[in-house]
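**Student:** Need the 3D shape of this:
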Amino acid sequence: MAKLRDPLKDTEERQRLASSVKQQLKEERKAKGELSAAQIVNPAQRPPAAPPMRVEPGVSLDARIRADFRVFLTLVWRHLLGSDPNPIQLDLAYWLQHGPDRAIIMAFRGFSKSWITGAYALWRLYCDPDEKIMVVSGSLKRAIATSTWCFSLVMTMDLLAHMRPTASTRQSATAWDVGNCIPAQSASFTPFGIGGQLVGFRGSCIIPDDVETQTNSLTVVMREKIEEAVKEFESVLTPGGVIKYLGTPHDIDSLYMKLLRLKDKAGKPVYQARIWPALFPTVEEIKKYGPILAPYIPAQIKKHGPSIVGHSTMAMRFTDEDLEKRRAAMGNSEFRLQFMLDLAGSLVDKFPLKLKDLMVMDLDPERAPEELVWGLTHIDRDLPVMGFDGDYWHKPVHTGAHYSPYSRKIGYLDGSGRGQDETALSIGGELYGRVFLLDLYASKDGYGPETLKAIARLIVRWGVTTLYVEANYGDGMMVALLKPVIQAEWDIQQARLQAGGKRVEHVGTAIEEVKSGAVQKEKRMLSVLEPATQQHRLVINREVVLYDDRSIRQMDGEDTRHRYAFGYQYTHLTREKDCLGHDDRLETVAGLLAMFAAELGVNPEGIALRAKSERSDALLAELEEEAWSMAGRSSGGSSRDTRVQAARPSSR
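**Tutor:** Numbers count the residues shown, from 1 in each chain. Here you go, the predicted structure:
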């Protein structure tokens, strides 16, 4: 028997193990008189797979691998990287092996979850070649990448040579068999995309690896589809099988939180979870995580002292400086979600803006309804939702029959240079203390000619009387560039109307530069948005929501484009500094509302009621005048002054 070498010991032998594994295996097989499993064609000659066994002194490396997944993972890491896994990765690997049959393993972005997942799948096949592994990812392409990676390990790692497919077994990227398995309808390893056709397949180990992504969990409807798709796992799981979720949450209403709320008949949780954050948490944060925080984390804090709190849990790969750069780029809210795995239920209370407080409807460019009644019964389910579960766009429950012209229509522009920020424009009208968001536009082109022309066309199209431009670092550059472009567009509009014989009522837009002030941006926006929306004073044009969705779908970078959407920015705004990665669209809407601050101080219902009363009085006076006119003609006629005097009661 070959001398036992412990791949986890920090000794000189560890340096020699990687190069000698192949020779050791050959010597052990020769000493036992065993054939290579890859050379066995007849299943009857195949030796039975040894089950996992306890580690005893003097046992072989093969036995140690079967007993401890961490040993196998260490050998894979040395084969690929020439180094050992990080301690925190080994801790995850241990729970992956010894955790419950239905487990949720959440680790921060960049943890190498997919590599560890693939190694775990291969380890199960190493221990039992008749296992049926199903890896399900957010997209089929991603699942196939995992399948290809695992297949390449089998073909290149000497330790797994006996598992290589034979000429008579499946060996494609979409399904492959290990060479020493009993042929079956389902392959040894099969990748699937979430929502793919699982019927007809069976799996003893289902590994949903990042089934929830930024792209497929953008809206409430998308998240509901994922929830339905994962229910199929129970139908294809073989008796005694396991389901091991691995992933990073992408929303407060994450699939993983919903799975944790599932209970069996006895009231026990169906799934158990464990979390590995990127930074060592504070005492308060540890309390929020509760029992799902990996014990490794508080154990390390106890071992090294409180000085490591706030520092990287995987310092060998992610330095503190690197993580801080990511926090600055993503925004604190997104960082806490994806790197700190902050899924505490109380976190939802930090988001004060709700879609349900708004009203959405098709808006006329010239007039708005005098009466609108807000309610929660008319959900517009055709519109994409980027908020939280149960929060939808709502139509007014009642719209009055009378429409009046907007008191004024203005625009608010937040300019930016070329880069990741957007130049954003919002256009709105006001009537009776309500603001109607008529249009929204955003572009990464900065001060580019196409952006300036697009802004000018929208200004003229909606008949904006005043455009407010937020003062930026350009020292009035945006105003100077916009003036001639907008005037030229007005000249074109005037010529077009005159050529058509139409009356030109308004030509020209005043441009004013405004300063945002020194108040923290997030607090400034909330100070305007929160009271206005909670009183249901903001009405959104339905086309604005559709444009918002279309524009981000045309962007590059699937993992981050949702952050540019107004719907996402609105629902994820908090009072924390830099809570949003991007806020240009939301900031321009907040600026628009701020320009209507004086009008928002009135009571919409009271003004609408007064306008209705005035219309009734005017109509009554008109009818009375018409009646007196007809009476005057029939009696020979009398003066208009006499009729008016008779129509009004004398004062006493």
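**Student:** Just give me the neighbour total for the nearest residue to residue 292 once chain neighbours are set aside.
**Tutor:** In space, and not counting its chain neighbours, residue 292 is closest to residue 273: 4.5 Å by CB to CB, 6 or more residues apart in numbering. C-beta here means a position set from N, CA and C on the backbone, and glycine is covered the same way. Close neighbours of residue 273, defined as other CB atoms under 10 Å, add up to 22.
**Student:** ok so residue 273 is a helix residue?
**Tutor:** No: under DSSP: H, G, I helix; E, B strand; the rest coil, residue 273 sits outside any helix and is assigned strand.
**Student:** pLDDT at it, what is it?
**Tutor:** Listed pLDDT for residue 273 reads 92.
**Student:** Also residue 235?
**Tutor:** On the pLDDT scale, residue 235 is placed at 89.
**Student:** which residues does it contact?
**Tutor:** By CB atoms under 8 Å, 6 or more residues apart in numbering, the residues touching residue 235 are 198, 199.
**Student:** Secondary structure element for it, which one?
**Tutor:** helix 233-236 (DSSP states H and E).
**Student:** going on from that helix, what's the next piece of helix or strand?
**Tutor:** Downstream of helix 233-236, the first helix or strand assigned by DSSP H and E is strand 237-247.
**Student:** For that next one, name the packing helices and strands.
**Tutor:** Identification of packing neighbours for strand 237-247 by 3 or more CB pairs under 8 Å, 6 or more residues apart in numbering; DSSP states H and E yields strand 102-107, helix 113-127, strand 203-209, helix 255-260.
**Student:** Repeat the analysis, applying 6 Å as the threshold.
**Tutor:** For strand 237-247, the elements it packs on are strand 102-107, strand 203-209, judged by 3 or more CB pairs under 6 Å, 6 or more residues apart in numbering; DSSP states H and E.
**Student:** Note down every partner strand of the first one and its orientation.
**Tutor:** Spelled out, it's strand 102-107. Within its sheet, strand 102-107 is paired with strand 237-247 (parallel), strand 272-276 (parallel), according to DSSP bridges.
**Student:** nearest to residue 394, of those?
**Tutor:** Across those, residue 394 has its closest neighbour in strand 237-247 (31.6 Å, CB to CB).
**Student:** how far out from the middle of the chain is that closest one?
**Tutor:** Here strand 237-247 is found 26 Å from its chain centre; the criterion is CA atoms, centre = their mean, to the nearest Å.
**Student:** Go through it and flag the buried ones.
**Tutor:** Using 16 or more other CB atoms under 10 Å as the burial criterion, the residues of strand 237-247 that qualify are 237, 241, 242, 243, 244, 245, 246, 247.
**Student:** for the first one, what are its contacts?
**Tutor:** The neighbourhood of residue 237, defined by CB atoms under 6 Å, 6 or more residues apart in numbering, consists of residue 206.
**Student:** Please, which helix or strand holds residue 578?
**Tutor:** For residue 578, there is no helix or strand it lies in under DSSP H and E.
**Student:** what's the answer for residue 440, then?
**Tutor:** Residue 440 belongs to strand 434-443 when assigned by DSSP H and E.
**Student:** Report the strands that pair with that strand, each with its relative direction.
**Tutor:** Here strand 434-443 is paired, per DSSP bridges, with strand 423-431 (antiparallel), strand 538-541 (parallel).
**Student:** Looking at the buried residues of strand 237-247, which has the smallest pLDDT value?
**Tutor:** Note: of the buried residues of strand 237-247, the lowest pLDDT belongs to residue 247, at 79.
**Student:** Reformat the helices and strands packed on strand 237-247 as CSV; add distance to residue 145 and mean neighbour count.
**Tutor:** Below are these laid out as CSV (distance: least, CB to CB, whole Å; neighbours: other CB atoms under 10 Å):
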stretch, distance to residue 145, mean neighbour count
strand 102-107, 19, 23
strand 203-209, 10, 24
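**Student:** Redo those as a markdown table? Include mean pLDDT and distance to residue 162.
**Tutor:** Supplementary listing: the helices and strands packed on strand 237-247 in a markdown table, determined by pLDDT from 0 to 100; distance: least, CB to CB, whole Å:
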| stretch | mean pLDDT | distance to residue 162 |
| --- | --- | --- |
| strand 102-107 | 92 | 29 |
| strand 203-209 | 92 | 20 |
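**Student:** out of those, nearest to residue 301?
**Tutor:** With respect to residue 301, and counting by CB to CB, the nearest of the helices and strands packed on strand 237-247 is strand 102-107 at 17.7 Å.
**Student:** The closest one vs helix 113-127, what angle?
**Tutor:** Between strand 102-107 and helix 113-127, the angle comes out at 140 degrees (axes from the mean of the first three to the mean of the last three CA atoms, to 10 degrees).
**Student:** gap between strand 102-107 and the chain center?
**Tutor:** For strand 102-107 - counting by CA atoms, centre = their mean - the centre lies 19 Å from the chain centre.
**Student:** what sits up against that strand?
**Tutor:** 113, 243-246, 256, 270-276, 341.
**Student:** Strands of the stretch 151-300 of the chain, start to end?
**Tutor:** 171-172, 175-176, 189-193, 203-209, 237-247, 272-276 (DSSP state E, counting those that start in this stretch).
**Student:** all strands in the stretch 451-600 of the chain, in order from the N-terminus.
**Tutor:** Along the stretch 451-600 of the chain, the stretches classed as strands by DSSP E, counting those that start in this stretch are 466-470, 510-514, 538-541.
**Student:** re the thing from before, out of the buried residues of strand 237-247, the closest to residue 514 would be?
**Tutor:** Distances from residue 514 to the buried residues of strand 237-247, taken by CB to CB, are shortest for residue 247, at 44.1 Å.
**Student:** The closest one contacts residue 210, correct?
**Tutor:** Yes: between residue 247 and residue 210 there is a contact under CB atoms under 6 Å: 4.7 Å.
**Student:** Give me the buried stretch members for stretch 177-186, please.
**Tutor:** Buried residues in stretch 177-186, defined by neighbour count with 16+ other CB under 10 Å: 177, 178, 179, 180, 181, 186.
**Student:** likewise stretch 303-316?
**Tutor:** Neighbour-count burial for stretch 303-316 [16+ other CB under 10 Å]: 312, 313, 314.
**Student:** again, but for stretch 171-178
**Tutor:** 171, 176, 177, 178.
**Student:** Out of the strands of the stretch 151-300 of the chain, flag the one nearest residue 445.
**Tutor:** With CB to CB as the criterion, residue 445 lies closest to strand 189-193 of the strands of the stretch 151-300 of the chain, at 34.8 Å.
**Student:** Show me what that closest one is packed up against.
**Tutor:** If you count contacts as 3+ CB pairs under 6 Å, 6+ apart, strand 189-193 packs onto strand 133-137, helix 140-156.
**Student:** ok, back up a step: could you export the strands paired with strand 434-443 as a markdown table, including distance to residue 302 and mean neighbour count?
**Tutor:** Listed next are those as a markdown table, based on distance: least, CB to CB, whole Å; neighbours: other CB under 10 Å:
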| stretch | distance to residue 302 | mean neighbour count |
| --- | --- | --- |
| strand 423-431 | 48 | 26 |
| strand 538-541 | 50 | 24 |
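**Student:** can you give me the helices for the stretch 451-600 of the chain?
**Tutor:** All helices of the stretch 451-600 of the chain, identified by DSSP state H, counting those that start in this stretch, fall at 477-499, 521-534, 542-553, 566-571, 584-595.
**Student:** possible to save the ones you listed as CSV with distance to residue 336?
**Tutor:** What follows is the helices of the stretch 451-600 of the chain, written out as CSV (distance: least, CB to CB, whole Å):
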stretch, distance to residue 336
helix 477-499, 34
helix 521-534, 15
helix 542-553, 22
helix 566-571, 16
helix 584-595, 19
